[in-house]
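Participant: what follows is a predicted structure for the sequence shown.
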Amino acid sequence: MNYAVPELDTISRQLMSLERPRKAKMLVVDDEPDNLDLLYRTFRRDFQVLKAENGLRALDILAEEGEVAVIISDQRMPEMKGTEFLSRTVPKFPDTMRIILTGFTDVEDLVDAINSGQVYKYITKPWDPNELKGVVQRAAETYELLKQRTEELRRSQAQTALLANLVQATQQASHLEDCLQPLAVAIGTTFKADGCILQMVSGGELTAAQGSHSTAEGLENWLDKDPLVKDAIATHKMQVTVNVPADSSLAAVEHYANSGIQAHLLVPVTYQDKVVAVLSLQWKQPCSLQEDELLLLHLSAQQVGLVLTCKRLSPVA
């Protein structure tokens with residue numbers, strides 16, 4: 001069965017256009033200032049390079065900056081060896097690629113570090129810039145592959161969890177109004193939205209029945225004032241704005257400015273070519289949904305449409 005949805009290509013391009021290409025982060029650690037500056041100059045064009053003069057400072061930087069793609073560390077440093085420092089980064093940043101620079105033969109430490117997965121590669125001093133660049137490039141590619149696979153697994157788990165939550169919400173709710181809130185919570189949580197509103201539609205107009213979910217207090221429902229909602233109901237197609245301040249059609253909608261919403265995705269929930277509800281996903285930061293996530297959202301909306309129709313038609317106990 002083909003689940004391709006033509007308008008998702010356009011929506012996906014709009015959402016992806018909000019992402020800005022960013023250099024991968026690298027952390028270089030060396031107690032010798034000249035070596036530290038040389039490493040910085042070697043990689044600054046291709047990476048966002050962070051510098052630390054010892055292992056303790058490097059741990060502080062990681063705590064502030066978060067995960068980096070590659071760490072290059074000197075082995076012989078005061079207070080903490082490079083292998084010891086790298087081993088302390090493994091639990092929190094397992095995907096980071098770690099490279100050790102060593103100017104002496106410390107076989108036992110290096111073998112233990114490599115065997116335990118703490119070091120991707122070791123380079124002996126004096127190191128050749130071209131060789132080191134090649135090693136770092138391969139390390140960065142390996143990191144990106146690991147992150148991609150991790151993200152694919154996360155999405156697969158999120159899809160399974162979402163479908164399970166939708167089924168659970170349906171089974172536990174005895175009336176239509178009872179299932180709106182849990183459905184909004186399940187969908188909003190899956191797509192990491194700051195706000196999610198599921199509101200019923202009747203005769204082409206929003207009704208009072210709604211469910212909402214928000215990661216912050218005071219989520220306000222202003223969908224009746226949003227032109228995107230009317231377009232979604234009229235066209236039966238997803239509507240999206242990825243840059244609210246720059247969207248002239250929304251300039252007069254003061255609720256956008258007051259709420260701080262930066263991206264808004266409206267999904268018409270249909271059953272038998274009739275819009276029965278609208279699903280509003282709102283983010284206060286740039287949104288980066290992938291095409292497969294948009295497809296999941298589309299399929300979930302179809303399932304929600306079936307659920308809402310069945311609940312509306314079911315006799316009240």
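Facilitator: Sure, I can see it.
Participant: can you list the domain ranges for this structure.
Facilitator: 24-147, 173-313 (automatic domain parsing).
Participant: can you give me the helices for the stretch 151-300 of the chain?
Facilitator: Using DSSP state H, counting those that start in this stretch, the helices assigned to the stretch 151-300 of the chain run over residues 176-190, 227-235, 254-259, 291-313.
Participant: could I get the domains of the chain as CSV with mean pLDDT, mean neighbour count and distance to residue 158?
Facilitator: The way it works is simple: take the backbone N, C-alpha and C, and place the C-beta from them, glycine included. Shown next, in CSV, are the domains of the chain (pLDDT from 0 to 100; neighbours: other CB atoms under 10 Å; distance: least, CB to CB, whole Å):
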stretch, mean pLDDT, mean neighbour count, distance to residue 158
domain 24-147, 89, 17, 16
domain 173-313, 83, 18, 5
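Participant: which stretches of the stretch 1-150 of the chain form helices?
Facilitator: 6-16, 33-43, 55-65, 82-89, 107-115, 129-172.
Participant: would JSON lines of those with distance to residue 297 be doable?
Facilitator: As requested, the helices of the stretch 1-150 of the chain are exported to JSON lines (distance: least, CB to CB, whole Å):
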{"stretch": "helix 6-16", "distance to residue 297": "9"}
{"stretch": "helix 33-43", "distance to residue 297": "39"}
{"stretch": "helix 55-65", "distance to residue 297": "32"}
{"stretch": "helix 82-89", "distance to residue 297": "36"}
{"stretch": "helix 107-115", "distance to residue 297": "43"}
{"stretch": "helix 129-172", "distance to residue 297": "9"}
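Participant: to residue 265, which of the ones you listed lies closest?
Facilitator: In terms of CB to CB, the element of these nearest to residue 265 is helix 6-16, at 7.6 Å.
Participant: pLDDT (mean, whole number) over that closest one?
Facilitator: Average pLDDT, helix 6-16: 52.
Participant: measure residue 277 to residue 206 for me?
Facilitator: Distance of residue 277 to residue 206, computed by CB to CB, to the nearest Å: 9 Å.
Participant: okay, and the common contacts of those two?
Facilitator: 199, 200 (CB atoms under 8 Å, 6 or more residues apart in numbering).
Participant: sorry, back to before: out of the domains of the chain, the one nearest residue 157 is which?
Facilitator: domain 173-313 (10.2 Å).
Participant: give me the distance from the closest one to the chain's centre.
Facilitator: 19 Å (CA atoms, centre = their mean, to the nearest Å).
Participant: over to stretch 40-57?
Facilitator: The answer for stretch 40-57 is 25 Å, by CA atoms, centre = their mean.
Participant: give me the residues contacting that stretch.
Facilitator: Contacts for stretch 40-57 (CB under 8 Å, 6+ apart): 22-31, 33, 36, 39, 58, 60-61, 65, 68-70, 73, 77-82, 84-85, 88, 129, 132-133, 136, 140.
Participant: how about residue 136: what's its closest non-neighbour residue?
Facilitator: residue 70 (5.8 Å; CB to CB, 6 or more residues apart in numbering).
Participant: tell me the contacts of the one you found?
Facilitator: 24, 26, 27, 47, 96, 97, 98, 99, 136, 139, 140, 143.
Participant: what distance do you get for the second one to residue 124?
Facilitator: When you say that, I think you mean residue 26. Residue 26 is 20 Å from residue 124, by CB to CB.
Participant: kindly report the same for the last one.
Facilitator: As for residue 143, its distance to residue 124 is 23 Å (criterion: CB to CB).
Participant: what of the first one?
Facilitator: Between residue 24 and residue 124 the distance is 25 Å, computed by CB to CB.
Participant: the fourth one too?
Facilitator: When distances are taken as CB to CB, residue 47 and residue 124 turn out to be 22 Å apart.
Participant: could you double-check that residue 59 lies in contact with residue 87?
Facilitator: No: here residue 59 does not reach residue 87: they are 11.4 Å apart, not a contact under CB atoms under 8 Å.
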